[in-house]
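*Asks:* Sequence plus the predicted model coming up.
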Amino acid sequence: MTRTPVTVTVTGAAGQIGYALLFRIASGHLLGADVPVRLRLLEIPQAVKAAEGTAMELDDCAFPLLSGIDIFDDAARAFEGTNVALLVGARPRTKGMERGDLLEANGGIFKPQGEAINAGAADDVRILVVGNPANTNALIAQQHAPDVPAGRFTAMTRLDHNRALAQLARKTGASVADIRKMTIWGNHSATQYPDLFHAEIAGRNAAETVNDQNWLENDFIPTVAKRGAAIIEARGASSAASAASAAIDHVHTWVNGTADGDWTSMAVVSDGSYGVPEGLISSFPVTTRDGEWEIVQGLEIDDFSRARIDASVAELSEEREAVRKLGLI
Ligand SMILES: NC(=O)c1ccc[n+]([C@@H]2O[C@H](COP(=O)([O-])OP(=O)(O)OC[C@H]3O[C@@H](n4cnc5c(N)ncnc54)[C@H](O)[C@@H]3O)[C@@H](O)[C@H]2O)c1
Ligand SMILES: O=C(O)C[C@H](O)C(=O)O
């Protein structure tokens, strides 16, 4: 193997998402079947031993692409030279909580991690924040990494995107592979807006194909937006394997590009597109190419969609105010 390994830092490596994620990174699903990876794992001191156990299991898989694993309890060292940073480590919500309730508990994690990325990551670093509330945690980290281009900080709404694909496929009998141009707008929270008006099934408009406004409004949107809570209710723990899978999808699409005629959903820093205030990290339809993303422009937004996008974006503005008050940005 002649390629230089890509350094991937994963925080919260001993957690439930970490356990589902690391084996897929090491087997080549994150970056490609020909890309060797070196893992740097970050955990809190009490969980380092558990991370060591996971590292032993990774060794035991004898993955040809895995060129090394290092474990740290110090963010500054964990992000040294990192090309891809997956910020997973944070407390998950439990029954009855909204993700925003985690702001105070988790927000403090992302300031030092942003600083560590700023100080030590590779010039081409790309960051995905998974830990909740993901959009605002990404904003906190980004605000503390002034030397890293703001667009490198993204938050995950790909799980919501995948959930929307699955619900639409189930309703229409279409295959997931036939669906294109799905969009999640706004926050990774119950206010998010999964948009069927621009999606297509086998080239036909999805909302027209479904032709059932009642289902769209009272079933599809709430099912997707509240799926995280439904998983917690059913499993007694928040989503893990599906979250890890979405994280793999997010980075793979970012690095390898969206298919022609399709786009994906990523929470990225707003440039004011679609009336989303500049600087908020909000989910948009994006295309990707050569490791860069671009917000899809020129979509017509009707009153129904406008109201829902505005509500989710208003929540993001409130979260930004809340972390300002907490002194986190
Ligand atoms: N964006 C999404 O779609 C999405 C989906 C699922 C879960 N999540 C979120 O991901 C986060 C992790 O979920 P989980 O189920 O793996 O939780 P978990 O409790 O199983 O694991 C979290 C891990 O993070 C570690 N950790 C805590 N603080 C840390 C720090 N400062 N540095 C490094 N590691 C730290 C903990 O020790 C623990 O091992 C939660 O906030 C959860 O809500 C987001
Ligand atoms: O809902 C949660 O708290 C976990 C995660 O964000 C999810 O969407 O499953």
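*Replies:* The structure has been received and is ready for your questions. Numbers count the residues shown, from 1 in each chain. Ligands and ions are numbered 1, 2, ... in the order given.
*Asks:* Contact residues of this structure facing ligand 2?
*Replies:* With the criterion set to CB under 6 Å from any ligand atom, the chain comes near ligand 2 through 92, 93, 99, 132, 159, 228, 229, 231, 238, 239, 243. To be clear about C-beta, it is placed using only N, CA and C from the backbone, and glycine gets the same treatment.
*Asks:* Throw these into CSV and include neighbour count, secondary structure and pLDDT, thanks.
*Replies:* Formatted as CSV, the residues of the chain next to ligand 2 follow (neighbours: other CB atoms under 10 Å; DSSP: H, G, I helix; E, B strand; the rest coil; pLDDT from 0 to 100):
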residue, neighbour count, secondary structure, pLDDT
92, 21, coil, 91
93, 19, coil, 89
99, 23, helix, 87
132, 27, coil, 96
159, 26, helix, 99
228, 24, helix, 97
229, 17, helix, 96
231, 18, helix, 97
238, 18, coil, 96
239, 22, coil, 98
243, 23, helix, 98
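*Asks:* so which of those residues comes closest to residue 21?
*Replies:* Among the residues of the chain next to ligand 2, residue 243 lies closest to residue 21 (CB to CB), at 8.2 Å.
*Asks:* OK, contacts around the residue in the stretch 101-250 of the chain that ligand 2 sits nearest to?
*Replies:* Here the stretch 101-250 of the chain gets closest to ligand 2 at one residue, residue 228, 2.1 Å apart by CB to the nearest ligand atom. Applying CB atoms under 8 Å, 6 or more residues apart in numbering to residue 228 gives the contacts 99, 159, 238, 239.
*Asks:* Could you rerun that using 7 Å?
*Replies:* 238, 239 (CB atoms under 7 Å, 6 or more residues apart in numbering).
*Asks:* cool, and residue 315?
*Replies:* Taking CB under 7 Å, 6+ apart, one finds 187, 189, 191 in contact with residue 315.
*Asks:* Let me know the secondary structure of the closest residue to the last one other than its chain neighbours.
*Replies:* Spelled out, that is residue 191. Excluding the flanking residues, the one nearest residue 191 by CB to CB, 6 or more residues apart in numbering is residue 312, at 4.1 Å. Following DSSP: H, G, I helix; E, B strand; the rest coil, we place residue 312 in the helix state.
*Asks:* contacts for the longest strand seen in the chain?
*Replies:* Using DSSP state E, we find that the single longest strand of the chain is strand 281-289. Contacts to strand 281-289, defined as CB under 7 Å, 6+ apart, come from residues 135, 138-139, 153, 155, 157, 183-186, 192, 253-254, 257-258, 263-270, 273, 276, 293-296, 299, 313, 316.
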